[in-house]
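Student: Let me see the structure of the following:
(4 chains)
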2 protein chains.
Amino acid sequence: MASRPVLSRDVIVAASIGLIDRDGPERFTLRRLGRALGCDPTAIYRHFRDKDELLRGIADELISDLTADLPRDAGWRAVVAESCVRLRRALVAQPHLAAFARSGPPLHPNEFALTERLLAELHRAGLASRAAAAAYHALIELTVGSAALDTAVEALTPDERVATYAGWRRAYSTLDPVAHPWSVAAADHLYDGTAEDRFRYALDRLLDGIGGVPSATPGP
Amino acid sequence: MASRPVLSRDVIVAASIGLIDRDGPERFTLRRLGRALGCDPTAIYRHFRDKDELLRGIADELISDLTADLPRDAGWRAVVAESCVRLRRALVAQPHLAAFARSGPPLHPNEFALTERLLAELHRAGLASRAAAAAYHALIELTVGSAALDTAVEALTPDERVATYAGWRRAYSTLDPVAHPWSVAAADHLYDGTAEDRFRYALDRLLDGIGGVPSATPGP
DNA sequence: ACCTGAACACCGTTCAAGT
DNA sequence: ACCTGAACACCGTTCAAGT
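Tutor: The predicted structure is shown next:
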């Protein structure tokens, strides 16, 4: 009668991702996860040693299909940009992923795949090994930084997020215009749009600087 | 008799920095801070609205004198690069600062000074307010990311650092060359040189992409 | 074998009360 | 004016007990 195996690693990871998607990573607690799963919070300890191991499991899952369905026929620039945008989304969704990145390079199957794809595309752009490696590092640095700066704000509700950005803009716009003329002048454009928009702009400027041959993808 | 004004913003910030240096940012709680200060933890709420405001105060203190002796007569590009390199060094030296940056800009005097100087130089480069703001965000994202990726390695001794980088390179060079040809090919150039070297390269590429008028500084 | 529920040692924050 | 201390609503985690 009693359907026994309610919980499993996969079920817990899937529910965790759903919960993080809905409430943000900051509100992700084992107590809430237990409530979402309809079980006691401590039941999770039957499947994961502690919260950190669960977060690693989530991180692996979030990175798993990062390179899965990247366009095969797009230009190198579009593929590189899309890869970085996806990595950034994964990092924002799971801040502990960024903490892992801090302690070293990927060195895991899914992440080797991402590095390989980025290096391949940079070679396709015409960069030699040394320049490709340097460009790869630059891209990862920008992506990790953008994600790190965005994690806290991303945890807010859309309304709160808009209010937060507006508050920051206002802080710059109301500075003493004699001491901070350029901050006041630029205030309306600081923290404008979404964080991903700002990242895409930064990424475009970096890719401009990296150069490489024009993408072979057909123009608009 | 009773010496009344035991607490002040400065005293609290100084004690916080000491506590973070000693125990690490993860263990920094108001209850521990209260114990370190010899007062009730909630007394801090007399001087800071909440923990977040305290963290901003700490971050601003750690950033102080960053813009103090920046060259006045150098080209915009040199000043921007030097500012970012210094900010990166501060972030690497005080990893907790990066964690604070996540919760938003400090919105305090020293941070405002840095932002103002960067925006001013970007205007000097010929960028209008919107482009200057976007470029500013891009520079901060790259700087924070580079610092975040470097903190763990920077904590090692020089020998350990060299060994760590060599180990990472080896991880890439010994991948299956059929599945990861470009990783194997680029392995010798991954994590090459110092992290600051890599950052300077990335910064140069980003500044190339940002464009702007050529710096007025005399050439070498 | 798997899950529960009480318990422990923590958090940030509020607020009435003290001096 | 400044600080205390109890209280509230949370955390992650352990462990004996249930089924």
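Student: so where does A:Leu66 fall, helix or strand?
Tutor: If you go by DSSP states H and E, A:Leu66 is not part of any helix or strand.
Student: what's the answer for the one 3 residues further on, then?
Tutor: Assignment of secondary structure by DSSP H and E places A:Asp69 within no helix or strand.
Student: Let me know how buried it is, in neighbour terms.
Tutor: 8 (other CB atoms under 10 Å in any protein chain shown). For glycine as for every other residue, the C-beta is placed from the backbone atoms N, C-alpha and C.
Student: and it, what pLDDT?
Tutor: Looking at A:Asp69, its pLDDT stands at 84.
Student: roughly how far apart are the residue nearest to A:Leu139 when sequence neighbours are not counted and A:Leu207?
Tutor: Distances taken as CB to CB, 6 or more residues apart in numbering or on different chains place A:Cys84 nearest to A:Leu139, at 5.7 Å, with adjacent residues excluded. Going from A:Cys84 to A:Leu207 by CB to CB, to the nearest Å gives 9 Å.
Student: list the buried ones in the helix or strand containing A:Ala131?
Tutor: Taking DSSP H and E as the definition, one finds A:Ala131 inside helix A:129-154. The neighbour-count check on helix A:129-154 (16 or more other CB atoms under 10 Å in any protein chain shown) flags A:129, A:131-154 as buried.
Student: coming back round to it: give me the packing partners of the strand or helix carrying the residue nearest to A:Leu139, helices and strands only.
Tutor: Assigned by DSSP H and E, A:Cys84 falls within helix A:76-93. Packed against helix A:76-93 by the contact rule (3 or more CB pairs under 8 Å, 6 or more residues apart in numbering or on different chains; DSSP states H and E) you find helix A:9-23, helix A:51-64, helix A:95-102, helix A:109-124, helix A:129-154, helix A:195-210.
Student: Does the fourth one reach chain B?
Tutor: So that's helix A:109-124. Yes - with CB under 8 Å from any CB of the partner chain as the measure, helix A:109-124 is seen reaching chain B through A:Phe112, A:Thr115, A:Glu116, A:Leu119, A:Ala120, A:His123.
Student: by how many degrees do the helix holding A:Cys84 and helix B:129-154 diverge?
Tutor: On the basis of axes from the mean of the first three to the mean of the last three CA atoms, to 10 degrees, helix A:76-93 is oriented at 70 degrees to helix B:129-154.
Student: Just the buried positions in helix A:76-93, please.
Tutor: Buried, per 16+ other CB under 10 Å, within helix A:76-93: A:76-77, A:79-93.
Student: mind listing what the residue nearest the centre of chain A touches?
Tutor: Chain A has A:Arg88 as the residue nearest its centroid, 2.4 Å off, counting by CA atoms, centre = their mean. Contact analysis of A:Arg88 by CB atoms under 8 Å, 6 or more residues apart in numbering or on different chains lists A:Thr143, A:Ser146, A:Ala147, A:Glu196, A:Phe199.
Student: Next one: A:Gly18 from DNA strand D, what distance?
Tutor: 16 Å (CB to the nearest atom of the strand, to the nearest Å).
Student: contacting residues around that residue?
Tutor: By CB under 8 Å, 6+ apart, A:Gly18 lies in contact with A:Ala36.
Student: sorry, back to before: which one of the residues of helix A:109-124 next to chain B is nearest DNA strand D?
Tutor: A:Phe112 (28.6 Å; CB to the nearest atom of the strand).
Student: can you tell me how far that closest one sits from B:Leu149?
Tutor: According to CB to CB, A:Phe112 stands 17 Å off from B:Leu149.
Student: which element is the residue nearest to A:Leu156 when sequence neighbours are not counted on?
Tutor: Closest residue to A:Leu156 apart from its sequence neighbours, by CB to CB, 6+ apart: A:Thr164 at 6.2 Å. Using DSSP H and E, A:Thr164 falls within helix A:158-173.
Student: One more: A:Asp176?
Tutor: Judged by DSSP H and E, A:Asp176 forms part of no helix or strand.
Student: ok, how many other residues are close to it?
Tutor: A:Asp176, neighbours per other CB under 10 Å, totals 10.
Student: Now it. Its backbone dihedrals?
Tutor: Main-chain dihedrals, A:Asp176, degrees, to the nearest 10: phi -60, psi 120.
Student: How confident is the prediction for whichever residue of chain A sits closest to chain B, by pLDDT?
Tutor: Residue nearest to chain B within chain A: A:Gly145 (2.5 Å; CB to the nearest CB). What the model reports as pLDDT for A:Gly145 is 92.
Student: now do A:Met1
Tutor: pLDDT, A:Met1: 32.
Student: same check, this time on A:Ile12
Tutor: Residue-level pLDDT assigned to A:Ile12 equals 96.
Student: Quickly check: stretch A:43-55 near DNA strand C or not.
Tutor: Yes - legend: contact between stretch A:43-55 and DNA strand C by CB under 7 Å from any atom of the strand is shown at A:Ala43, A:Arg46, A:His47.
Student: wait, stretch A:153-170
Tutor: No - taking CB under 7 Å from any atom of the strand as the criterion, stretch A:153-170 and DNA strand C are apart, separated by no less than 14.1 Å.
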